[in-house]
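>>> I'll drop the sequence and a predicted model, then ask my questions.
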Amino acid sequence: MVLELRPNCEYCDKDLPNDAEDARICTYECTFCANCVETILENVCPNCGGGFTPRPKRPAKSWRKGLSIVHQPMSTKQRSLNYSKDNIAGLTAKLKNIPPLQR
């Protein structure tokens with residue numbers, strides 16, 4: 001099973017292609033841009049409460065047979081938040097001072 005590699009920031013809807021250096025994911029593959037993670041979400045996933053890590057890039061070239069962005073393309077399904085921005089702000093305020101490994 002491969003990462004879904006979602007195509008956009010779920011908060012601001014910024015495009016995040018495979019080679020985006022500012023794509024961040026949580027353990028459930030929720031995807032956000034670094035700006036939203038750092039300035040709005042304060043490293044709190046609004047969906048699960050976990051933290052974020054840089055999203056890996058899928059290889060452009062098949063170094064091993066059948067393993068590349070060509071063979072396992074990114075998802076084209078746009079994602080958006082299921083919670084209001086006020087609800088997200090409340091969760092962020094509650095969890096931002098707790099390190100992700102302790103949440």
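Sure, I can see it.

>>> which parts of the lengthiest helix in the chain are buried?
For the chain, the helix that runs over the most residues, judged by DSSP state H, is helix 85-95. By 16 or more other Cβ atoms under 10 Å, the buried positions in helix 85-95 come out as 88, 91-92, 95. Every residue, glycine included, has its C-beta placed from N, CA and C.

>>> and it, what does it pack against?
Contact here means 3 or more Cβ pairs under 8 Å, 6 or more residues apart in numbering; DSSP states H and E; on that basis helix 85-95 packs against no helix or strand.

>>> just how off-centre is that helix within its chain?
Its chain's C-alpha centre and that of helix 85-95 lie 17 Å apart, by Cα atoms, centre = their mean, to the nearest Å.

>>> stretch 69-83 now?
With Cα atoms, centre = their mean, you get 10 Å for stretch 69-83.

>>> what comes up buried for stretch 56-64?
Arg58.

>>> restrict it to CA atoms and write it as PDB.
Extracted in PDB, the C-alpha atoms of stretch 56-64 (Å, rounded to 0.1, in the frame of the first residue of the first chain):
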ATOM      1  CA  PRO A  56       7.900  12.300   1.000                       C
ATOM      2  CA  LYS A  57       8.300  12.600  -2.700                       C
ATOM      3  CA  ARG A  58       7.600   9.700  -5.000                       C
ATOM      4  CA  PRO A  59      10.500   9.000  -7.400                       C
ATOM      5  CA  ALA A  60      10.100  10.500 -10.900                       C
ATOM      6  CA  LYS A  61      12.100   7.600 -12.400                       C
ATOM      7  CA  SER A  62      11.500   3.900 -11.900                       C
ATOM      8  CA  TRP A  63      14.800   2.900 -10.100                       C
ATOM      9  CA  ARG A  64      13.000  -0.400  -9.400                       C
END
